[in-house]
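A.B. asks: build me a model from this:
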Amino acid sequence: MGIIMEKGLVSVVIPTYNRAGLIERAVDSVLDQDYRQIEVIVVDDGSLDDTPERIDKRYRHNERVRFFRIPNSGVCGARNRGLKEVRGEYIAMLDSDDYWLPGKLTLQIGILEAHPGLSMVWSDMDAIDSSGQVIAPKYLRTMYGSYQYFPTPRDLFDTELKTNENIPYYIGNIAEALVLGNLVHTSTVVARAASISMAGEYDQSVHPSEDQDYYYRVCKTGPVALVDTVTTHYLIGAADAASGNHRLYELATSSLMVFNRLREREVNNNRLTENLIRKKETDLFKWVGQTSYHRGHMAEARRCLLKRVMRPPFDVQSLILLLMACIPYSSHLLRYVQVIRNRKVQ
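C.D. replies: Below you'll find the model as predicted:
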């Protein structure tokens, strides 16, 4: 990270890869904020399209936009490169296929300034399709299933407040809750640079669950806040989307890896009950077992599904899949059946 932290300045890190058609929308949504003390750091992760040319043409004379190009190294590498360039007191993250709504920074910086001890503020977001239409409002608790373990804000946070505009927000020390899964959407985050510096870098080895691992470390630096309103539009359904079905195996296995890593760090934490830990682990065994089976990794599928069926409550779906995983070539048969079904639908 940069050495000089300019008071009040928000450094916005935007990693991008082959999103020339979307990057300008993301950058413009930052520059159009009514909070004007901003710098935008775009890190091109070795794009093969015309992203560099578009950025140069549109922003070459804008001193608030800085552009860096690196060899392709993944989103973690791009974010880490951007963090090395920040100069602001505050740091915000924005993925290049998402964009901010007006007033986002004024709202979140206001909360950080009202509570000097806060490390980070994040918010809800709407899910949009490729045409920009909202298809799932207030999508945070839908996308991040770990909110199921905390049905109400009081189950997760210590304090409930409202802004002058009557927008609710919640404050608490919640690092241990991140053991059960991620709760923070990156494109909605505004954090203090000092807290980001203490948290360190994103860990590519646990991609695509690096956000859970990273925000656990941010939350360890102090209390954080969730402002319960939409500040961001999040694109789903794109071919390269992190939430795509083609990435479910990687997401499941990395989620189990991060869960085991963080559980060891919170082994003496009394807020994480044995029942919660066991329920999460059981859910992960089923998820990894299912995705391993569909990926054709039968040994891994059998191992995880067996662990799932040995635990209550009894799960018929896992038992059936376990039995199928014991049959040679069952995954090929399943794929064949799916192809036949798809042809009938067409």
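A.B. asks: show me where the stretch 151-300 of the chain dips below the pLDDT cut-off.
C.D. replies: The model of the stretch 151-300 of the chain has pLDDT under 70 over residues 238-246.
A.B. asks: can we see that at 80?
C.D. replies: For the stretch 151-300 of the chain, the stretches with pLDDT under 80 are 238-246, 270-271.
A.B. asks: strands along that one, start to end?
C.D. replies: In the stretch 151-300 of the chain, the segments counted as strands under DSSP state E, counting those that start in this stretch are 159-162, 168-172, 190-192, 224-235.
A.B. asks: helices or strands up against the longest one?
C.D. replies: Applying 3 or more CB pairs under 8 Å, 6 or more residues apart in numbering; DSSP states H and E, we find strand 224-235 packed against strand 99-100, helix 104-114, strand 120-128, strand 168-172. Where you see a C-beta, it was placed from the backbone N, CA and C, and this is true even at glycine.
A.B. asks: kindly export the longest helix anywhere in the chain (C-alpha atoms) in PDB.
C.D. replies: In the chain, with assignment by DSSP state H, the single longest helix is helix 274-295. Only the C-alpha atoms of helix 274-295 are listed here, as PDB (Å, rounded to 0.1, in the frame of the first residue of the first chain):
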ATOM      1  CA  GLU A 274     -20.600 -26.700  18.400                       C
ATOM      2  CA  ASN A 275     -24.100 -27.000  16.800                       C
ATOM      3  CA  LEU A 276     -23.400 -24.100  14.400                       C
ATOM      4  CA  ILE A 277     -20.000 -25.500  13.500                       C
ATOM      5  CA  ARG A 278     -21.300 -29.000  12.900                       C
ATOM      6  CA  LYS A 279     -24.200 -27.700  10.800                       C
ATOM      7  CA  LYS A 280     -21.900 -25.700   8.600                       C
ATOM      8  CA  GLU A 281     -19.500 -28.600   8.200                       C
ATOM      9  CA  THR A 282     -22.400 -30.900   7.300                       C
ATOM     10  CA  ASP A 283     -23.700 -28.500   4.700                       C
ATOM     11  CA  LEU A 284     -20.200 -28.200   3.200                       C
ATOM     12  CA  PHE A 285     -19.800 -32.000   3.000                       C
ATOM     13  CA  LYS A 286     -23.000 -32.200   1.000                       C
ATOM     14  CA  TRP A 287     -22.100 -29.300  -1.300                       C
ATOM     15  CA  VAL A 288     -18.500 -30.600  -2.000                       C
ATOM     16  CA  GLY A 289     -19.900 -34.100  -2.500                       C
ATOM     17  CA  GLN A 290     -22.500 -33.000  -5.000                       C
ATOM     18  CA  THR A 291     -20.200 -30.800  -7.000                       C
ATOM     19  CA  SER A 292     -17.400 -33.400  -7.000                       C
ATOM     20  CA  TYR A 293     -19.800 -36.000  -8.400                       C
ATOM     21  CA  HIS A 294     -20.900 -33.700 -11.200                       C
ATOM     22  CA  ARG A 295     -17.300 -32.800 -12.000                       C
END
